[in-house]
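**Q** Predicted coordinates and the sequence they were generated for:
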Amino acid sequence: MGDTWGGDGALDDRVPYLARLEHDDRAALIALGRPLRYASRAVVIHQGEPSTHVLLLLRGWTKVTASAANGYEALLALRGPGDILGETAAISERPRSATVTALEDVEAVALDRERFTAYLEDTPRAALQLLRLTFDRLHHGDRRRLEFAALTVRERLAVLLLDLARTHGRRTSEGIELTVPLSQQEIAGSLGASREAVARLLKEYRERQAVITRR
């Protein structure tokens with residue numbers, strides 16, 4: 001397991017789906033699809049559209065966002081090599097619940113919904129790993145919500161920035177640069193805060209020379 005997308009072997013919400021599969025199961029799944037490429041900033045999946053296929057990410061990172069009826073937008077997750085996109089909508093046969101946007105050039109494999117569900121029926125090991133991944137993500141979400149409930153917005157923002165620096169940071173002469181471009185609204189949505197509160201805190205961090213922000 002994990003010869004391309006592997007980690008330290010600890011299966012938690014950060015271990016992508018393809019890394020959880022046995023080599024033969026992974027190869028068979030990828031072979032069922034067709035290769036696709038997306039340019040940076042391209043919308044890969046649109047919230048609300050019908051579910052016709054799932055995507056397996058081979059290269060490049062994406063962001064998953066969701067918008068409420070009043071226009072409030074939240075960052076739900078970052079998905080990269082080895083991750084699967086659109087599986088929940090494909091299995092439930094419901095419309096897409098979120099929008100996925102490429103943060104850089106992305107290579108993926110698209111599988112028709114029928115082929116994907118048939119693969120899960122024929123490969124119980126893969127279906128079980130998908131179920132485990134879903135549980136891991138739910139557990140992580142519950143844990144994060146519990147942690148954030150005890151923190152102020154200032155503390156939540158600090159935790160998020162530190163997490164992003166560890167997972168998507170690149171050392172430069174100015175400090176650690178985040179390689180994922182996120183808007184203030186997306187950051188605010190992931191924290192359960194207003195954009196104005198996040199903007200105010202980032203301004204304070206800039207004045208303290210703790211962060212540098214760019215468009």
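**A** Sure thing, it's come through.
**Q** C-alpha only now, for contacts and for neighbours.
**A** Fine.
**Q** how long is stretch 49-57 from one end to the other?
**A** Using Cα to Cα, to the nearest Å, one end of stretch 49-57 lies 20 Å from the other.
**Q** whoops, stretch 181-200 was the one
**A** This stretch, stretch 181-200, spans 19 Å end to end (Cα to Cα).
**Q** I'd assumed Arg171 was in a strand, is it?
**A** Yes. Arg171: assigned to a strand according to DSSP: H, G, I helix; E, B strand; the rest coil.
**Q** So Leu76 is in contact with Ser97, correct?
**A** No. In this structure, Leu76 is not within contact of Ser97 by Cα atoms under 8 Å, at 10.8 Å.
**Q** Residue nearest the middle of the protein, spatially speaking?
**A** Leu78 (2.6 Å; Cα atoms, centre = their mean).
**Q** Give the buried residues for the helix or strand hosting that residue.
**A** Leu78 is located in strand 73-79, with elements delineated by DSSP states H and E. Across strand 73-79, burial judged by 16 or more other Cα atoms under 10 Å covers 73-76, 78-79.
**Q** same check, this time on stretch 110-122
**A** Those would be 110-113, 116-117, 119-120, for stretch 110-122 by 16+ other Cα under 10 Å.
**Q** who touches the residue nearest to the centre of the chain in this structure?
**A** For Leu78, the contacting residues are 61-64, by Cα atoms under 8 Å, 6 or more residues apart in numbering.
**Q** Direction included, what does the strand holding Leu78 pair against?
**A** strand 62-67 (antiparallel) (DSSP bridges).
**Q** I'd like to check the angle between whichever helix in the chain runs longest and strand 73-79, please.
**A** Criterion DSSP state H: the longest helix present in the chain is helix 124-149. Angle, helix 124-149 to strand 73-79, by axes from the mean of the first three to the mean of the last three Cα atoms, to 10 degrees: 140 degrees.
**Q** ok, Asp142 - how many residues close by?
**A** Close neighbours of Asp142, defined as other Cα atoms under 10 Å, add up to 12.
**Q** My read is that Ala193 contacts Glu155, right?
**A** No. Under the criterion of Cα under 8 Å, Ala193 makes no contact with Glu155, lying 11.6 Å away.
**Q** Between the two, point out the one with more neighbours.
**A** The neighbour count for Ala193 versus Glu155, taken as other Cα under 10 Å, is higher for Ala193 (18 against 13).
**Q** any idea how far Tyr205 is from the nearest residue to Phe148 once chain neighbours are set aside?
**A** Nearest residue to Phe148, sequence neighbours excluded (Cα to Cα, 6 or more residues apart in numbering): Arg156, at 6.2 Å. As for Arg156, its distance to Tyr205 is 14 Å (criterion: Cα to Cα).
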